[in-house]
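[1] Below are the sequence and a predicted model for it; my questions follow.
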Amino acid sequence: MYKQQTMDDFFHGRMNAVNEPHLACVLLLDTSASMGIGKCAINDLNEGIRRFKDSVCSDPVAVKRVDIALVTFNSEVEVLCPFVPISDMPLLQLTASGTTSMAEGINTAIDLVKQRVREYQMLGTPCHKPWIFMITDGKSTSDYYEFEKAAKRVRDEENIGKDQNKPGRLSFWVLGIDNYRQSEMVKITDRVLELRDHDFKGIFDWLSESMSCISQSHVGEKVEFDDLPKNARKAQKDRAIDEEWY
């Protein structure tokens, strides 16, 4: 006998606890060739992502409410994993090659979160403001005007409703490592962090704690995050050389 497919059937395996508030987060990862040079940041990044998944999954609330997508960008952009519950996020062995198609990566990540929010709305699932967390070590090799348009798109999504004292529709974060181009990153967002080395453990612990805190809060509630780990800080405006830091 034919059984009509329901929304719950359609999203089965792609979303847990549809009646509870959800948080969508894209990990937007630079896998260009420079990420494999020297101390090889890509290997440390792989370990950090594993630690992040384990940490969020250890929280019985967050594991039901946090949805993750993985997007990489080098010479091309690849959606390695569309949105799934974090418990289903695959642990892939990222490798480094190619250039840095950052604008295309940003646009892909924004498209993903907007589609995920529409899915929440279809199901009547409450949702927190989605996050995009980008990690990069270099300068965008995207066309200049395409990069400018992508940066403006982020700013527009972050600023929607601010003139009415409402939060924007996106929280975009950049984590810069090594010789990342700070002057480019601040065009994208004010949420620019920098890491002193390739030890991603602390920053992914901070990210997982942030995901847990948001997932346990009410939608729209202001959440205070933990302090950054010792090897991370908010980007300095003039990117002055700090001997104690470097």
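    Nice, thanks for sending it over.

[2] From now on I want contacts and neighbour counts done on CA atoms only, so please keep to that.
    Will do.

[3] And whichever helix in the chain runs longest, what does it pack against?
    The single longest helix within the chain, with elements called by DSSP state H, is helix 102-123. Counting contacts by 3 or more Cα pairs under 8 Å, 6 or more residues apart in numbering; DSSP states H and E, helix 102-123 packs against strand 23-30, strand 66-73, strand 77-85, helix 144-159.

[4] For the protein, give me the ranges with low pLDDT.
    Applying pLDDT under 70 to the chain flags residues 1-13, 38-39, 161-168, 237-246.

[5] Quick check, central residue of it?
    Nearest to the mean C-alpha position of the chain, counting by Cα atoms, centre = their mean, stands Phe133 at 2.3 Å.

[6] and it, what element?
    Phe133 is part of strand 131-136, with elements assigned from DSSP states H and E.

[7] got the contact list for the residue nearest to the centre of the chain?
    Counting by Cα atoms under 8 Å, 6 or more residues apart in numbering, Phe133 touches Cys25, Val26, Leu27, Leu28, Phe172, Trp173, Val174, Leu175.

[8] How about Lys201?
    Glu47, Gly48, Arg51.

[9] which one among those gets closest to Gly105?
    Gly48 (20.4 Å; Cα to Cα).

[10] hmm, who's touching the helix or strand encompassing the closest one?
    Secondary structure from DSSP H and E places Gly48 in helix 41-57. Identification of contacts with helix 41-57 by Cα under 8 Å, 6+ apart yields 31, 35-36, 62-63, 86-87, 89, 91-96, 198-201, 204-205, 207-209, 211-212.

[11] From the chain's centroid, how far away is that helix?
    Chain-centre distance of helix 41-57: 13 Å, with Cα atoms, centre = their mean, to the nearest Å.

[12] one step back: got the angle for the longest helix of the chain vs strand 77-85?
    Angle between the axes of helix 102-123 and strand 77-85 is 30 degrees (criterion: axes from the mean of the first three to the mean of the last three Cα atoms, to 10 degrees).

[13] I'd like to check the angle between helix 102-123 and strand 66-73, please.
    Going by the same axes, to 10 degrees, helix 102-123 makes 160 degrees with strand 66-73.

[14] quick one, helix 102-123 and strand 131-136 angle?
    Using the same axes, to 10 degrees: helix 102-123 against strand 131-136 is 160 degrees.

[15] Helix 102-123: which residues count as buried?
    102-110, 112-113, 116-117, 120 (16 or more other Cα atoms under 10 Å).

[16] try stretch 173-193
    173-178, 180-182, 185, 187-189, 192-193.

[17] now, which of the residues you listed lie within strands?
    Trp173, Val174, Leu175, Gly176, Val192, Leu193 (DSSP state E).

[18] ok, now which ones touch the first one?
    For Trp173, the contacting residues are Trp131, Ile132, Phe133, Met134, Thr189, Arg191, Val192, Leu193, taking Cα under 8 Å, 6+ apart as the criterion.

[19] just those residues now: which is nearest Ser75?
    Met134 (16.2 Å).

[20] My read is that Leu195 contacts Ile177, right?
    Yes - between Leu195 and Ile177 there is a contact under Cα atoms under 8 Å: 5.2 Å.

[21] Contacts for the longest helix of the chain, please.
    Helix 102-123 has contacts (Cα under 8 Å, 6+ apart) with 7-8, 18, 24-26, 28, 30, 71-74, 77, 82-83, 126-127, 130, 132, 140-142, 146-147, 150-151, 154.

[22] Can you select the buried ones among these for me in PyMOL?
    Selection of buried members from those for PyMOL, criterion 16+ other Cα under 10 Å:
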select buried, resi 18+24+25+26+28+30+71+72+73+74+77+82+83+126+127+130+132+140+142+147+150+151+154
